[in-house]
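K.L.:
Show me how the following folds:
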Amino acid sequence: QVHLVESGGGLVQAGGSLRLSCEASGSIRIINAMGWYRQAPGKQRELVALIPSAGSTNYADSVKGRFIISRDNAKNTLYMQMNSLKPEDTGVYYCNVDYYTYTQRRTDWGQGTQVTVSS
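P.N.:
This is a model prediction of the structure:
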């Protein structure tokens, strides 16, 4: 099993920036796609940004031009730089990792990190 540790959330004023991190450790052979999702109060969890092992990144329309997803494969770590934050970006942000162990393909979630943007 893989352990995902997220960090970087917090309280910020509108227009500010935050950088989220998600470090994966455990029985990982290969990591495929990594992504950030968020869930606002009373809403369903939604995809924010996705970065595959190869190829182009994908962003939700609401964050294009403001958020940048990246990964460090040597450290099994996922990042997201969030700029020009808006109150509607408020929510719990979860990292998701799709990976292979030595015996199976799995996908796991982090515990979530709260992002609150005040107006």
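K.L.:
Next, Ser17: phi, psi?
P.N.:
In terms of degrees, to the nearest 10, the main-chain angles of Ser17 are phi -130, psi 150.
K.L.:
ok, now how distant is the residue nearest to it when sequence neighbours are not counted from Ser56?
P.N.:
In space, and not counting its chain neighbours, Ser17 is closest to Asn83: 4.8 Å by CB to CB, 6 or more residues apart in numbering. Any C-beta I mention is one placed from the backbone N, CA and C, and that applies to glycine too. Noted for Asn83: a distance of 20 Å to Ser56, by CB to CB, to the nearest Å.
K.L.:
I'd say the residue nearest to Ser17 and Ala14 touch.
P.N.:
No - between Asn83 and Ala14 there is no contact under CB atoms under 8 Å: 11.6 Å.
K.L.:
which SS class is the residue located most distally from the centre of the chain?
P.N.:
Distance from the centre of the chain peaks at Thr103, with 25.4 Å (CA atoms, centre = their mean). With DSSP: H, G, I helix; E, B strand; the rest coil as the basis, Thr103 sits in coil.
K.L.:
from here on, count from 587
P.N.:
Got it, first residue is 587 now, which makes that one Thr689.
K.L.:
List phi and psi for it.
P.N.:
Phi and psi for Thr689, reported as degrees, to the nearest 10, are phi -130, psi -20.
K.L.:
can you map out the strands along the chain?
P.N.:
For the chain, the strands defined by DSSP state E cover 588-593, 596-599, 604-612, 616-625, 632-637, 644-645, 653-658, 663-668, 677-686, 691-695, 699-704.
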